[in-house]
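Chemist: below is the sequence, then the predicted model.
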Amino acid sequence: MARHMGIELPVLFMLGWLCARCAGPRLEQALRPWNAHGLPALLLALLVTAFWMVPAALDRAVLDWRVGELKVMSLVAAGITAGATWRTAGPIIQAFFVLNWSWMTLVAGLLYQESAQQVCSVYLIDEQRSAGVAMVCWSVAGALAWLHRVIANARFTIS
Amino acid sequence: MNSPLLRAAAAALAMLLLTCMALAAVTGNFSALTSDGVRRAELARAPRSVPHVALIDSTGQAMELADYGKPSDQATFVVLAYVRCQTICRTGASGQAWLQGAIRAHGLEGRIRLLTLSFDSENDTPAVLAAHARQLGADPRLWRFATVSSGVDRARLLDLFGVVVLPDGLGGYSHNAALFVIGRDGRLSRAYDIDRPDLALVDFLESFGP
């Protein structure tokens, strides 16, 4: 479970992100008519990452290969759209989504760690704890990484 | 749709709608966030008829689960377990033992029967089940133990109860557990937390009305 939620899911998202980077400015331009300020793209990323934290959703993805495929496609798509529009969204909108996502992931991670009840039927209860730890780590790392970029960019523009 | 903001709003709305639909599908129309909760709600909404599952009880006698699926005066409280289980099955066993005590205390012998089904037929032979039953103080008239006869029966059993069994890497299994009730109409209609046999009993008694 820790490998699934802590490694596979973030890797899929980041793969999408990298694809968007490789695609260059044309992808962003293609998305622009429906993607004012990058809001829909970032909303998609938030919704997709939130959805796959629901225990029943993760169970279905493991038990049904079609839902598993959907999981992979949705995470990569979310990564692509978010990665393509990240820069154009600007620091304020970025802040909104990063902080919301980080907070949600942190709380979910803590809940997974603390829950005495087994929430996923396809994973063992001790795996649940380590998945929670992984989620907490990602939420902190993501927020700090973004903060670092913002400060570095601010220093660049000031000097 | 000329304004880019309007188009963005439409895109956002479409995504929210899609997410809601997906969430509804996965949570059984928002009944619960966990698979166990969803199963509980689904059983209450759409009780399942009991299929043919060939079993062997603790005396070595062949049994048929479908016999419990016929309408009768008795409801059956079922727990799925395996004898070597050190954790959640013990809670299930003590729950069944509590129910046995409650049945005797309230004179419910003609109304409730108990069934413990093992999905680990390789290790839980009739002799092992019999020893386990003796250890728990099970009254054979009230509380029967049985295991599945084949892999196919095992699959059908797990499918009926929505139980997922995973090897835990230590020679045992991890599995989602619940206290199930096959009603007097012979259909599987209730799933309770494994540590709440009291709720199951209260619900059952209330079903007889005031």
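Modeler: Thanks, I have it. Numbering: from 1, shown residues only, chains lettered A, B, ... in the order given.
Chemist: pLDDT of the helix ranked longest in chain A, averaged?
Modeler: Ranked by number of residues, the top helix in chain A under DSSP state H is helix A:65-114. Throughout helix A:65-114, pLDDT has a mean value of 89.
Chemist: after that helix comes which helix or strand?
Modeler: Tracing the chain past helix A:65-114, the next element assigned as helix or strand by DSSP states H and E is helix A:125-158.
Chemist: that next one: which residues count as buried?
Modeler: Buried positions in helix A:125-158, judged by neighbour count with 16 or more other C-beta atoms under 10 Å in any protein chain shown: A:125, A:127-136, A:138-139, A:142-143, A:146. To be clear about C-beta, it is placed using only N, CA and C from the backbone, and glycine gets the same treatment.
Chemist: what packs against it?
Modeler: Counting contacts by 3 or more C-beta pairs under 8 Å, 6 or more residues apart in numbering or on different chains; DSSP states H and E, helix A:125-158 is packed against helix A:2-3, helix A:65-114.
Chemist: relative orientation of the longest one and helix A:125-158 in degrees?
Modeler: It refers to helix A:65-114. Interaxial angle, helix A:65-114 versus helix A:125-158 (axes from the mean of the first three to the mean of the last three C-alpha atoms, to 10 degrees): 90 degrees.
Chemist: and helix A:65-114, how far out from the chain middle?
Modeler: Offset of helix A:65-114 from its chain centre (C-alpha atoms, centre = their mean, to the nearest Å): 2 Å.
Chemist: which helices and strands sit right next to it?
Modeler: helix A:9-23, helix A:25-31, helix A:39-51, helix A:55-63, helix A:125-158.
Chemist: so what does B:Val78 look like in phi/psi?
Modeler: Backbone torsions for B:Val78, taken as degrees, to the nearest 10, come to phi -110, psi 140.
Chemist: which residues does it contact?
Modeler: B:Val78 sits next to B:68, B:114-117, B:161, B:179-182 when contact means C-beta atoms under 8 Å, 6 or more residues apart in numbering or on different chains.
Chemist: give me the number of residues near residue 4?
Modeler: No chain was given, so I picked chain A. Residues within reach of A:His4, counting by other C-beta atoms under 10 Å in any protein chain shown, total 19.
Chemist: ah, I was thinking of chain B
Modeler: Counted with other C-beta under 10 Å, B:Pro4 comes out at 14.
Chemist: ok, it touching A:Pro33?
Modeler: Yes - the pair B:Pro4 and A:Pro33 qualifies as a contact (C-beta atoms under 8 Å) at a distance of 6.6 Å.
Chemist: what pLDDT is listed against residue 158?
Modeler: Because you didn't say which chain, this covers chain A. pLDDT at A:Ile158 comes out at 66.
Chemist: actually chain B
Modeler: Reading off the model, B:Leu158 has pLDDT 94.
Chemist: still on that earlier bit, so which of the helices and strands packed on helix A:125-158 is the most packed in?
Modeler: helix A:65-114 (a mean of 18; mean count of other C-beta atoms under 10 Å in any protein chain shown).
Chemist: show me the contacts for residue 28.
Modeler: You didn't pick a chain, so chain A it is. A:84-85, A:88.
Chemist: that's the other chain; I wanted chain B
Modeler: Applying C-beta under 8 Å, 6+ apart, the residues contacting B:Gly28 are A:56, B:38, B:41-42.
Chemist: now do 10 Å
Modeler: Contact analysis of B:Gly28 by C-beta atoms under 10 Å, 6 or more residues apart in numbering or on different chains lists A:56, B:35, B:37-42, B:45.
Chemist: inside helices: which ones of those?
Modeler: Secondary structure from DSSP H places A:56, B:35, B:37-42, B:45 of those in helices.
Chemist: SS state for the spatially most central residue of chain B?
Modeler: In chain B, the residue lying closest to the centroid (C-alpha atoms, centre = their mean) is B:Phe180, at 3.9 Å. Under DSSP: H, G, I helix; E, B strand; the rest coil, B:Phe180 falls in the strand class.
Chemist: that one contacts B:Leu157, doesn't it?
Modeler: No - if you go by C-beta atoms under 10 Å, B:Phe180 and B:Leu157 don't touch, sitting 11.2 Å apart.
Chemist: joint contacts of these two?
Modeler: With C-beta under 10 Å, 6+ apart, B:Phe180 and B:Leu157 have common neighbours B:78, B:80, B:117, B:163.
Chemist: can you redo those residues as JSON lines, where the extra columns are pLDDT?
Modeler: Below are these laid out as JSON lines (pLDDT from 0 to 100):
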{"residue": "B:Val78", "pLDDT": "96"}
{"residue": "B:Leu80", "pLDDT": "94"}
{"residue": "B:Leu117", "pLDDT": "95"}
{"residue": "B:Val163", "pLDDT": "89"}
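Chemist: and which of the ones in helices among the contacts of B:Gly28 is nearest to B:Asp153?
Modeler: Checking those against B:Asp153 by C-beta to C-beta gives B:Arg39 as the nearest, at 20.5 Å.
Chemist: out of the helices and strands packed on helix A:125-158, which gets nearest to A:Cys19?
Modeler: helix A:65-114 (5.4 Å).
Chemist: centre-most residue in chain A?
Modeler: A:Thr49 (4.8 Å).
Chemist: wait, what's in contact with that one?
Modeler: A:9-10, A:13, A:74-75, A:78-79, A:82, A:101, A:104-105, A:108, A:138.
Chemist: quick check, pLDDT for it.
Modeler: pLDDT, read off for A:Thr49, is 91.
Chemist: that one and B:Val164, how far apart?
Modeler: A:Thr49 is 25 Å from B:Val164, where distance means C-beta to C-beta, to the nearest Å.
Chemist: all set, thanks.
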